[in-house]
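>>> let's see this in three dimensions:
(2 chains)
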Amino acid sequence: MAVDKFITIESTAVPLPIENVDTDQIIPARFLKATTRDGFGENLFRDWRYDKTDQPKTDFVLNQDKYSGTILVGGKNFGSGSSREHAAWAIHDYGFKVVVSSFFADIFKNNALNNGLLPVQISDQFLAKIFEAIDQDASAKLKVDLINQEITIVSSGEKEGFDINSYKKECLLNGYDDIDYLLNKKDKIEQFEQSRV
Amino acid sequence: MRLPSSGNPSLVLLFGSFSNYNTSFHYLNFKKLAGKTLFDKIWDAHVVDEIPGGPSVLYIDKHLIHEVTSPQAFAGIEKRGISVARPQNTVATPDHNVPTVDQHLPIKDQLSQFQVNKLTENCEKHGIALYGLNHPFQGIVHVIGPELGITQPGMTMVCGDSHTSTHGAFGSVAFGIGTSEVEMVLATQCILQPKPKKMRINVEGELETGVTAKDIVLYVISKITASGGTGYFIEFAGSAIRNLSMEGRMTVCNMSIESGARGGLIAPDETTFEYVKGREFAPKGEDFDKAVAKWKKLTTDADAVFDKELTFDAADIEPMITYGTNPGMGTKVKGQIPAESEIEASNLKTFSKAMDYMGFSAGDTLVGKEVDFVFVGSCTNGRIEDLRAVANFVKGRKKADNITAWIVPGSKQVEKQANEEGITETLLQAGFKLRQPGCSACLAMNDDKIPTGKLAVATSNRNFEGRQGPGSRTMLASPLTAAAVAVTGKIVDPRTLL
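From the prediction side, this is the model:
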């Protein structure tokens, strides 16, 4: 089944300069009771975004009009904790296409890639520059080029490369799906099973 | 050029020294000669295919599923018009959002009931073994796998839950996966997975009385941080690890994910074989002996190379507790929260945010802080040994008046054994009550929520903001420390009461 193809993105970004943003913050467990993949964006960062009476907390970035865009920039060790793919679904459903950080938790990174959400891992130094650029001008744009594996701060032209394994890159660029790939390996899988008997 | 494969260390050194002449070429040869780690042995034996520059196609021996992370995966394969490839290799149980009281009644929360029903429907439709509510085998997925003998050395195991790392205690490669990956395994019994790097953590020496497996792992994470293991699979080794019971080993491997590691594992030995022997789904008779002969080969070769290796002294470990909002923010119970001057500049913002949330201050002494709730349970510490430790401690003592205690067995089997051993009775006499099995207040998906602002000492695995309920404050500790807190009502080093 085809997933959305990833193309180059140029957008303003939402800064979340907090380290160890865990998946319980991204989507608290009490919102994991759905049996479909839709609608999780509504509760993205629920307890940071809304107070006990469900009123928006004005000091949280998602509630500040000056910040918008399809790129979320988080502090180091983004997505730690639970394996819940709902975290990637929530970020994607909210409208983000890219998450930038200097370090991602392993399971979150896989989950993001499996949902067409691109995790862009950069150096601590470049991350600091991005936060600074957004801090100075909330309308500062970032450009994420998957083909050349580069992220650029548009106003200054400063850029840095990022890694992605070539298989996943192909999948994202072409909208390929892992399960289709694995289903095509059926014979090899059966051979493997027989070899172990 | 084909080099002789040899475990002879002198040969390795010889070729190792050649490598000075042509680093890249001979380094490869050196790698070929070096022995294999336990992790490599298991991983490599399960690789069906490899994608150049990409992940491996890894065969999965056992797939565990539960109600929360599987419904979208079943919906996915149905949308593709395919069925579960190897239903006999999958086992299901509801655990995450089940109530821990009145399990014989319908679940009050409609959404939870719907999710549990969905799991039942999916299992029936696809021929998957399900241990539903009230089944004698039901329980937390990572508690029932080992206790039923489903978990065995040398296996690859996955589950849509990060604490799948627990099963590594048996010398298996077990790790948590997302729902798209659950769908991969349902569809093909395989998963696409990049091979992690390898780390070995040795804990050598003897633990002092009152210091437990939970303290070991909280200590290790406090040293390597909550992201120190990211990208790695950790082998735990050393005499302090070898001397742990299987329950203790499970606690250590369970929390390897809290360092960011993909998983943890421990080489199987007589303790492992003895635990597995006679369990429901373990091989029996001659098959068991044959299996043990195979399992005995599951060790890291003496000359194997790790990407990273750390050694800790067991004598340095004391009862541990966390004070912040990630499991790396831990210290000894009788210690203090670090001063701001001890925190790295880049981490200061996170530290201050954690202090604000917890209502603590840098430099605070932990002993004596008043606690509201004690939670004993979860896949980290909800096994029989954990309940036994609590019961032994509280025997002849009484629960403090200011404490609400939830003691939640990890499974129906644990509950049954607790009844048989008189643990349940001991707990009752001390003013505690045993609830029914489930994940409970570890992640508070059911009604077991710590109220806003209340402080809980929990034997579970995560102290994230709101983890145990919106606004709840969590300090992670061992069952023994939790028991001591429950009877004193305050943070206390359990050794002072032994």
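
>>> ok, longest helix in the chain?
By default, I'm working from chain A. In terms of residue count, the longest helix belonging to chain A (DSSP state H) is helix A:124-136.

>>> nope, chain B
helix B:110-126.

>>> which elements pack onto that helix?
For helix B:110-126, the elements it packs on are helix B:71-79, strand B:90-92, strand B:129-130, judged by 3 or more CB pairs under 8 Å, 6 or more residues apart in numbering or on different chains; DSSP states H and E. Every residue, glycine included, has its C-beta placed from N, CA and C.

>>> switch to 7 Å and redo it
On a contact count with 3 or more CB pairs under 7 Å, 6 or more residues apart in numbering or on different chains; DSSP states H and E, helix B:110-126 meets helix B:71-79, strand B:129-130.

>>> just give me how far the longest helix of chain A sits from the chain centre.
18 Å (CA atoms, centre = their mean, to the nearest Å).

>>> avg pLDDT for it?
Helix A:124-136 carries an average pLDDT of 97.

>>> show me what the helix or strand following that helix is in contact with.
Remark: after helix A:124-136, the chain's next helix or strand is strand A:141-145, criterion DSSP states H and E. Strand A:141-145 is touched from outside by A:8-13, A:71, A:98, A:118, A:120, A:130, A:151-154, with contacts defined as CB atoms under 7 Å, 6 or more residues apart in numbering or on different chains.

>>> make a ChimeraX selection of the buried ones in these.
In ChimeraX syntax, the buried subset of the contacts of strand A:141-145 is picked out as below (16 or more other CB atoms under 10 Å in any protein chain shown):
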select /A:9,11,12,13,71,98,118,120,130,151,152,153
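
>>> lowest-confidence member of the contacts of strand A:141-145, which is it?
Comparing those by pLDDT, A:Thr8 comes last, at 92.

>>> return the set of residues that bridge with the nearest residue to that residue once chain neighbours are set aside.
Leaving aside its sequence neighbours, A:Thr8 sits nearest to A:Asp145 (CB to CB, 6 or more residues apart in numbering or on different chains; 4.9 Å). Judged by DSSP bridges, the bridge partners of A:Asp145 are A:Glu150.

>>> count the neighbours of A:Asp145 for me.
16 (other CB atoms under 10 Å in any protein chain shown).

>>> for the residue most central in space within chain A, give me phi and psi.
Nearest residue to the geometric centre of chain A (CA atoms, centre = their mean): A:Val99, 3.7 Å. When quoted as degrees, to the nearest 10, the phi and psi of A:Val99 stand at phi -120, psi 130.

>>> show me what it is bridged to.
Counting by DSSP bridges, A:Val99 forms beta bridges with A:Leu72, A:Pro119.

>>> wait, what's in contact with it?
A:Leu72, A:Gly74, A:Phe78, A:Ile91, A:Ala112, A:Leu117, A:Pro119.

>>> try A:Gly81
Here A:Gly81 is in contact with A:Asp22, A:Thr23, A:Asp24, B:Ser162, B:Arg462, B:Phe464 (CB under 7 Å, 6+ apart).

>>> tilt between the top strand by length along chain A and helix A:124-136?
Ranked by residue count and defined by DSSP state E, the top strand of chain A is strand A:9-16. Inter-element angle recorded for strand A:9-16 and helix A:124-136: 90 degrees (by axes from the mean of the first three to the mean of the last three CA atoms, to 10 degrees).

>>> burial of the residue in chain A that chain B sits nearest to, as a residue count?
For chain A, the residue closest to chain B is A:Tyr167, as judged by CB to the nearest CB, at 2.6 Å. For A:Tyr167, the count of nearby residues is 19 (other CB under 10 Å).

>>> quick one: contacts for it?
B:Ile51, B:Gly53, B:Gly54, B:Pro55.

>>> A:Ser166 is in contact with the third one, correct?
In other words, B:Gly54. Yes. Counting by CB atoms under 7 Å, A:Ser166 is a contact partner of B:Gly54 at 6.1 Å.

>>> looking at these two, which one has more neighbours?
More crowded of B:Gly54 and A:Ser166, by other CB under 10 Å: B:Gly54, with 17 against 11.

>>> and the gap between that one and A:Glu170?
Using CB to CB, to the nearest Å, one gets 8 Å for the distance from B:Gly54 to A:Glu170.

>>> please enumerate the shared neighbours of those two.
What both B:Gly54 and A:Glu170 touch, as defined by CB under 7 Å, 6+ apart, is an empty set.

>>> now the strands for chain A?
Counting by DSSP E, chain A has strands at residues A:9-16, A:71-74, A:98-101, A:118-121, A:141-145, A:150-153, A:159-161.

>>> contacting residues around the strand or helix carrying B:Ile216?
If you go by DSSP H and E, B:Ile216 is part of helix B:213-224. The contact list for helix B:213-224 (CB under 7 Å, 6+ apart) reads B:201, B:203, B:240, B:244, B:248, B:251-252, B:255, B:258-259, B:312, B:317-320, B:322, B:327-328, B:330-331, B:381, B:459, B:476, B:478.
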